[in-house]
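Chemist: Here is my input, please return the structure:
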Amino acid sequence: MEKVIFFQGTERRFANIAKGSVVVAGVTGVLLLQLEHRWNALFSWAGIGPTVMLILWTVFVFLLLFESKIFSVLFGGKAQHDTKKMFRTLTTAHWVVMLASLMVIAIGVFTNHLMLTR
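Modeler: Okay, here's the model as predicted:
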């Protein structure tokens, strides 16, 4: 039960930071697309970097907006009964999100460098 209380406290503190970071990323992304006139590149091969960033940003927004509903669907009332399984699921989900983020960063860097060398 200690782990559950610790996780809930950490999650509450981190949630506001994550929501603020997602807002900043969204605003700066829109500004960059606007300043570089790259809106027409979205959803094309030339704009694969910004496109995957937009898709991942949308996933983050939905995860943060509907986190309580997602938790209730994933765990229901089972969280108090099997904390090891809950933490294994949460750890796996965090790794998936982190690896997806790193993949999007790599795609963005690769496509940007590929365009600069042409």
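
Chemist: alpha carbons only for contacts and neighbour counts from here, please
Modeler: Noted.

Chemist: Against which helices or strands is the helix or strand where I107 lies packed?
Modeler: Remark: I107 resides in helix 83-117, with elements defined by DSSP states H and E. Contact here means 3 or more Cα pairs under 8 Å, 6 or more residues apart in numbering; DSSP states H and E; on that basis helix 83-117 packs against helix 48-65.

Chemist: I would like the residues contacting the helix it packs on, please.
Modeler: Helix 48-65 is contacted from outside by 15, 18-19, 22, 25-26, 41-44, 70, 100-101, 104-105, 107-109, 111-112, using Cα atoms under 8 Å, 6 or more residues apart in numbering.

Chemist: What of stretch 93-107?
Modeler: By Cα under 8 Å, 6+ apart, stretch 93-107 touches 48-49, 52-53, 56.

Chemist: Repeat the analysis, applying 6 Å as the threshold.
Modeler: Residues from elsewhere that reach stretch 93-107, judged by Cα atoms under 6 Å, 6 or more residues apart in numbering: G49.

Chemist: hang on, the earlier thing: buried set for the helix holding I107?
Modeler: 86, 101, 104-105, 107-108, 111-112 (16 or more other Cα atoms under 10 Å).

Chemist: now stretch 11-29
Modeler: So for stretch 11-29, counting by 16+ other Cα under 10 Å, buried means 22, 26, 29.
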